[in-house]
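In: With the input below, show me the fold.
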Amino acid sequence: MAPVTLRSAKPEDGERIRALLTSNGLPTSDLASSGTQFVVATHGGEVIGAGGLQHFHAAALLRSVAVESTERGLGIGSLIVRELERRAGAAGVVELVLLTETAAPFFAHLGYGKIDRQQVPESVQASEEFRVLCPPSATCMVKSLAPRSGT
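Out: Okay, the predicted model is just below:
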């Protein structure tokens with residue numbers, strides 16, 4: 001089996017990303033307007049997973065993490081999230097926020113904790129993802145990327 005490769009999404013990946021998100025029940029209506037930067041996981045040249053970052057200065061929204069149903073359980077989602085975290089940290093992001101209706105245990109395993117939606121930065125709350133696309137019942141989670149100071 002060929003290894004899974006992570007790379008920045010290219011414009012020609014757009015249709016495949018949209019199809020992957022749609023098949024996983026994730027919102028796509030604001031993909032063109034949100035400025036979300038995607039990373040894709042490929043296997044044998046085919047896109048089998050994706051995840052995105054929508055930047056808001058020192059915070060970013062981790063969104064649209066999806067893996068092809070036949071490829072789940074192999075750690076690909078975790079690889080995508082860790083790459084997005086690495087990229088966010090390199091860009092100066094100190095806090096990643098996400099909303100999920102179904103994947104809270106997955107993200108908790110990766111170090112994300114539940115937070116009240118009203119506690120996230122206002123710039124993130126103003127996003128279409130928060131205002132319209134994800135229902136109030138979605139679990140809001142956060143992870144700090146700030147370096148920990150020694151005591």
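
In: Please make it C-alpha for all contacts and neighbour counts, starting now.
Out: OK.

In: And the strands in this protein?
Out: 5-8, 37-43, 46-56, 59-67, 95-100, 113-114, 139-144 (DSSP state E).

In: what would the ones you listed look like in JSON lines with mean pLDDT and mean neighbour count?
Out: Formatted as JSON lines, the entries for the strands of the chain read as follows, by pLDDT from 0 to 100; neighbours: other C-alpha atoms under 10 Å:
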{"stretch": "strand 5-8", "mean pLDDT": "96", "mean neighbour count": "16"}
{"stretch": "strand 37-43", "mean pLDDT": "95", "mean neighbour count": "21"}
{"stretch": "strand 46-56", "mean pLDDT": "94", "mean neighbour count": "22"}
{"stretch": "strand 59-67", "mean pLDDT": "93", "mean neighbour count": "25"}
{"stretch": "strand 95-100", "mean pLDDT": "94", "mean neighbour count": "24"}
{"stretch": "strand 113-114", "mean pLDDT": "96", "mean neighbour count": "16"}
{"stretch": "strand 139-144", "mean pLDDT": "95", "mean neighbour count": "21"}
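
In: can you redo those as CSV with distance to Glu83?
Out: Listed next are the strands of the chain as CSV, based on distance: least, C-alpha to C-alpha, whole Å:
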stretch, distance to Glu83
strand 5-8, 8
strand 37-43, 8
strand 46-56, 9
strand 59-67, 11
strand 95-100, 13
strand 113-114, 19
strand 139-144, 14
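
In: Relative to Thr28, which of those is closest?
Out: Each of the strands of the chain was checked against Thr28 via C-alpha to C-alpha, and the shortest separation belongs to strand 59-67, namely 8.6 Å.

In: pLDDT-wise, which helix or strand of this protein ranks last?
Out: None of the helices or strands of the chain scores lower by mean pLDDT, DSSP states H and E than helix 31-34, at a mean of 82.

In: The longest helix seen in the chain vs strand 59-67, what angle?
Out: Within the chain, and with DSSP state H defining each element, the longest helix by residue count is helix 76-90. Between helix 76-90 and strand 59-67, the angle formed by their directions is 160 degrees, by axes from the mean of the first three to the mean of the last three C-alpha atoms, to 10 degrees.

In: what does helix 76-90 rub up against?
Out: Applying C-alpha atoms under 8 Å, 6 or more residues apart in numbering, the set of residues contacting helix 76-90 from outside is 4, 6, 39-41, 49-53, 60, 62, 65-67, 94, 96, 110, 145.

In: That's all I had, so thanks and see you.
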